[in-house]
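Q: Attaching a predicted model along with its sequence, questions to come.
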Amino acid sequence: MQLASFDFQHNHFQLFGLAQSYQIDTAQLDQQYRALQALVHPDKSAHLPDAEQRLAMQRATLVNEAYQTLRSPLRRARYLLSLHGVDTQEETNTVMPLDFLMAQMEWREAVSEARQARDEGALAQLETRLQHETRGLEAQLAVKIDAEKNYAAAAASVRKLRFMEKLAEEIHAAYDAIDN
Amino acid sequence: MALLQISEPGLSTLPHQHRLAVGIDLGTTNSLVATVRNGISVVLNDENGRAMLPSVVRYLADGSIAVGEAAQAMQSEDAANTIVSVKRFMGRGLKDVGEISRLPYRFADAASPFATSGGSGQGGMLQLRTVAGVKSPVEVSAEILKVLRSRAEAALGGELVGAVITVPAYFDDAQRQATKDAAKLAGLNVLRLLNEPTAAAIAYGLDNAAEGIYAVYDLGGGTFDISILRLSRGVFEVLAANGDSALGGDDFDQRIHCWLLEKNHLSALGPQDTRLLLTHARAAKEQLTEHAETRITAVLSNGEVIDNVLTRSEFHTLSQNLVQHTLQPLRRALRDAKLGVADIKGVVMVGGATRMPQVQHAVEEFFGQTPLTNLDPDKVVALGAAIQANLLAGNRSGDEWLLLDVIPLSLGIETMGGLAEKIIPRNSTIPTARAQEFTTYKDGQTAMSIHVVQGERELVSDCRSLAKFELRGIPAMVAGAARIRVTFQVDADGLLNVSAREMGSGVEAAVAVKPSYGLSDGEITRMLQESTQHAQDDMHARALREQQTEAEQLLEAVQHALEQDGKLLDQAERTRIETQMGLLRDTLQLADHLAIKRAATALNDATVSFAQARMDKSVAHVLTGKNIAELGEK
């Protein structure tokens, strides 16, 4: 890519020259990201006038934002759905299946117990289980978005995945708390 | 769109002309300057062949200033006017320096020119009273930089295009801004503020064509950093940074100093004797790197003779918890990078304090591998900074490489109930920007105060306050109707700019965050440490405050709605709502967030049809020409 063809109007997929789908080649994304930063990063224009430096900062900021969005399965799905005009309603739509909510409560209790017992082994087990469940939800997303194009169902999976992400954050915080 | 190549006045655009640029390691104990000559990074020595300039500045009564060795020689004799380790004061307020009573300086509490107008009234960055007048740490640092600048210009035979100045990776916004100000004061064009461990990684990585994941363990005179980087095909990607901006070699000196006081039953020494013993303590520490024991002899100002033998194992015991203290940021950085010890291919040691055998042992034991010490831990940061400076000045060296660094501490904003809402999480790759929308809390609210904080804790009072600014002229609307978008932009120097805009009216407020006040010793570090100690309390306190705030808002909103539109309700419905309101008020007294939540939900449920009726009425109002702001008026 040439700097001259950098377009702020491009969506994140177009920016990295990727097809607009949930399933992406992350190795290709990494490679494209680095190639793009090598072009737009402010370090490349530190010797140029202020206006050029500001532009470089804006370009590099956008590239970082786009990369972080596509690198994360949850953020990628949310973004892709927004491109299809579907709001995932993670803050407003709290209607979740009862069994899912029950499972969430159990997860939270387990994390909180492991934290209080300062049991790193238990946290590691929870983490592994959580990763397994997260992968399962991500696989469902791939089917719902790419194959079935059922965006409403995908939005429900995104909401579940957001719960999983919060759990992962709690486990991370628990590790930090134990390590003191 | 074509890129215009416009040269700045005085800059040659001839491609073969080498632009003079340097890298400067502005250290707590020593400072260095380096440059790239014939494609090789070299440290520039002074006229006596010395690379390291002691970071010591002495102010004399006649207005002259001594920097380096000459100043260091007088540090005990003229302790009050001879500033050592000034880096510890950069971007710090008086309250932030814990050991103030042990320091031989006279601090001034006057407001600094670097204070933010919106500061919390604590007078900005601390200042030092000397025979030559009141000096800010920025001015003191600038004296060190001026000496390095003239050294470089003499050695290179021309004016510098610019300089890369290194800072600890764990420096916060205030400390970074102060460093940049010092460079400007010294007449240097700052090409970039570069994180010290990253600079070391560049020097090491390019020199050794390293590929893989590396850890940089950087224990300097006053600061500790740990950075985890991925090196691949000319890209240096920082995955996580952590540290302690108030832990370094100085603290090891302090431990020996305290040991001397205890051994000799001394207390409350004057500034001169304090500095004398600290100097001896440092010498002893350095001796113990090579020798199993060392003898400390000194004569105090009252004639008392100090004569003690310190063994290496005793010193190890004295300093054991300092060494252990560095392992916690290490574990956190690895967790943030989602990596284990086994993923680390090599450990680069940086900073003079990593010469201590107990530090090397601890790092070796932690990583299960011998740390890399084939580079000079005192020079590697300056060498890396010079390589970066050469690139930034536009001297294309042929081998292209790219650096992707991160912000070390989360940035956020104060929200209702004194909670910190994170906007940019730590370890985000810079430059980065994030926008978040906030809304008004009261009907008709026309101004909003934005309080910017940095740190990992949940409560604002536990984070470091960076700045406050006000957004005025928000059009009066009902509570929750205004949409205020706050944008945080962190540039490639790791410096923050914040702007805010009301989306409906376009009212805008912007602030360059230039902070300078209020810390207890190393508030940043304390914040991170305490964030885990108090995480449990935090979670509960946060949940409770959130629920209380939400419940109060809900009660206010319902009360207001009843006053305004109560006539839309029949008596049974009104009683039902008022009963739920009473129940919610009762639970507010209890410190039980779950109970409050249940009662709030019940009240919400009870008001569903009322809300619908009000909405219909509102729409009718708008249609008849009234605006929403008027609806909000009582």
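A: Thanks, I have it.
Q: and residue 70, what helix or strand is that in?
A: Looking at chain A here, since you left the chain open. helix A:50-71 (DSSP states H and E).
Q: Can you look at chain B instead?
A: If you go by DSSP H and E, B:A70 is part of helix B:69-73.
Q: which other residues reach that helix?
A: Contact with helix B:69-73 is made by B:R50, B:P54, B:V56, B:V57, B:R58, B:T82, B:V84, as judged by CB atoms under 8 Å, 6 or more residues apart in numbering or on different chains. Heads up, the C-betas are built off the backbone N, CA and C, glycines and all.
Q: May I see the buried residues of the helix holding A:L70?
A: Going by neighbour count (16 or more other CB atoms under 10 Å in any protein chain shown), the buried part of helix A:50-71 is A:52-53, A:55-70.
Q: One more: stretch B:317-335?
A: By 16+ other CB under 10 Å, the buried positions in stretch B:317-335 come out as B:318-319, B:322-323, B:325-326, B:328-335.
Q: Roughly how far does A:R34 sit from B:R151?
A: 37 Å (CB to CB, to the nearest Å).
Q: quick one on the thing from earlier: need the buried residues of stretch B:317-335 in JSON lines with pLDDT and distance to chain A, can you?
A: Below are the buried residues of stretch B:317-335 laid out as JSON lines (pLDDT from 0 to 100; distance: CB to the nearest CB, whole Å):
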{"residue": "B:L318", "pLDDT": "95", "distance to chain A": "23"}
{"residue": "B:S319", "pLDDT": "96", "distance to chain A": "20"}
{"residue": "B:L322", "pLDDT": "96", "distance to chain A": "16"}
{"residue": "B:V323", "pLDDT": "97", "distance to chain A": "16"}
{"residue": "B:H325", "pLDDT": "93", "distance to chain A": "11"}
{"residue": "B:T326", "pLDDT": "95", "distance to chain A": "13"}
{"residue": "B:Q328", "pLDDT": "93", "distance to chain A": "6"}
{"residue": "B:P329", "pLDDT": "94", "distance to chain A": "10"}
{"residue": "B:L330", "pLDDT": "95", "distance to chain A": "10"}
{"residue": "B:R331", "pLDDT": "94", "distance to chain A": "6"}
{"residue": "B:R332", "pLDDT": "93", "distance to chain A": "6"}
{"residue": "B:A333", "pLDDT": "96", "distance to chain A": "11"}
{"residue": "B:L334", "pLDDT": "96", "distance to chain A": "10"}
{"residue": "B:R335", "pLDDT": "93", "distance to chain A": "6"}
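Q: From those, which land in helices?
A: Using DSSP state H, the members of the buried residues of stretch B:317-335 that fall in helices are B:318-319, B:322-323, B:325-326, B:328-335.
Q: Next one, pLDDT for B:A620 please.
A: Note for B:A620: predicted pLDDT of 47.
Q: cool, and B:A595?
A: So B:A595 comes in at 82 (pLDDT).
Q: what's around it, how many residues?
A: Residues near B:A595, counting by other CB atoms under 10 Å in any protein chain shown, number 16.
Q: tell me the contacts of it?
A: B:A595 makes contact with B:T587, according to CB under 8 Å, 6+ apart.
Q: Against B:T601, how distant is it?
A: Taking CB to CB, one finds B:A595 at 11 Å from B:T601.
Q: Run through the residues that contact residue 90.
A: Just going to use chain A. A:R78, A:V158, A:R159, A:R162.
Q: Not quite, go with chain B.
A: By CB under 8 Å, 6+ apart, the residues touching B:M90 are B:M125, B:P137, B:V138, B:S141, B:Q175, B:A178, B:T179, B:A182.
Q: For B:A481, what are phi and psi?
A: Dihedral pair for B:A481: phi -90, psi -30, per degrees, to the nearest 10.
Q: do B:A209 as well
A: When quoted as degrees, to the nearest 10, the phi and psi of B:A209 stand at phi 50, psi 40.
Q: Now do it: how many residues are near it, please.
A: 9.
Q: what does A:D119 give?
A: Neighbour tally, A:D119, other CB under 10 Å: 15.
Q: Buried residues in the helix holding B:A70, which are they?
A: Under the neighbour-count criterion of 16+ other CB under 10 Å, helix B:69-73 has B:A71, B:Q72 buried.
Q: pLDDT of the next helix or strand after that helix, averaged?
A: Remark: after helix B:69-73, the chain's next helix or strand is strand B:82-84, criterion DSSP H and E. Regarding strand B:82-84, the rounded mean pLDDT is 95.
Q: Contacts only, for the residue most central in space within chain A.
A: Nearest residue to the geometric centre of chain A (CA atoms, centre = their mean): A:S72, 2.6 Å. Residues counted as contacts of A:S72 (CB under 8 Å, 6+ apart): none.
Q: how about low-confidence regions in the chain?
A: Just going to use chain A. Low-confidence segments of chain A, defined by pLDDT under 70: A:1-2.
Q: I was thinking of chain B, sorry if that wasn't clear
A: B:1-16, B:99, B:109-123, B:397-399, B:508-540, B:542, B:615-634.
Q: tell me which element B:G187 is part of?
A: Assigned by DSSP H and E, B:G187 belongs to no helix or strand.
Q: hang on, it packs against B:L148?
A: No: using CB atoms under 8 Å, B:G187 makes no contact with B:L148, being 11.4 Å away.
Q: Of the two, give the one with the bigger neighbour count.
A: Shown here are B:G187 and B:L148; by other CB under 10 Å, B:L148 has more neighbours (27 against 13).
Q: The more buried one and B:N30 touch, don't they?
A: No: assessed by CB under 8 Å, B:L148 is found out of contact with B:N30, at 11.0 Å.
Q: Show the residue spans covered by the helices in chain A.
A: Under DSSP H, chain A gives helices at A:12-15, A:26-40, A:50-71, A:73-83, A:98-116, A:120-142, A:151-178.
Q: Any chance of JSON lines for those helices, columns distance to B:D565?
A: Listed next are those as JSON lines, based on distance: least, CB to CB, whole Å:
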{"stretch": "helix A:12-15", "distance to B:D565": "45"}
{"stretch": "helix A:26-40", "distance to B:D565": "53"}
{"stretch": "helix A:50-71", "distance to B:D565": "43"}
{"stretch": "helix A:73-83", "distance to B:D565": "36"}
{"stretch": "helix A:98-116", "distance to B:D565": "34"}
{"stretch": "helix A:120-142", "distance to B:D565": "44"}
{"stretch": "helix A:151-178", "distance to B:D565": "33"}
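Q: Up against chain A, what does the stretch 151-300 of chain B have?
A: B:V161, B:G162, B:L191, B:R192, B:R233, B:V235 (CB under 8 Å from any CB of the partner chain).
Q: ok, what's across the strand from the fourth one?
A: The bridge-partner assignment for B:R192, based on DSSP bridges, gives B:V164.
Q: what about it, how many neighbours?
A: By other CB under 10 Å, 25 other residues sit near B:R192.
Q: Same check on the fifth one?
A: Other residues lying near B:R233 total 9 when counted by other CB under 10 Å.
Q: Tell me who's in contact with B:D273.
A: B:S76, B:L300, B:S301.
Q: Which residue is most remote from the mean position of chain A?
A: What lies farthest from the middle of chain A is A:P49; by CA atoms, centre = their mean that is 35.2 Å.
Q: And the strands in the stretch 201-350 of chain B?
A: In the stretch 201-350 of chain B, the strands defined using DSSP state E, counting those that start in this stretch lie at B:212-219, B:224-232, B:235-244, B:293-299, B:305-311, B:346-350.
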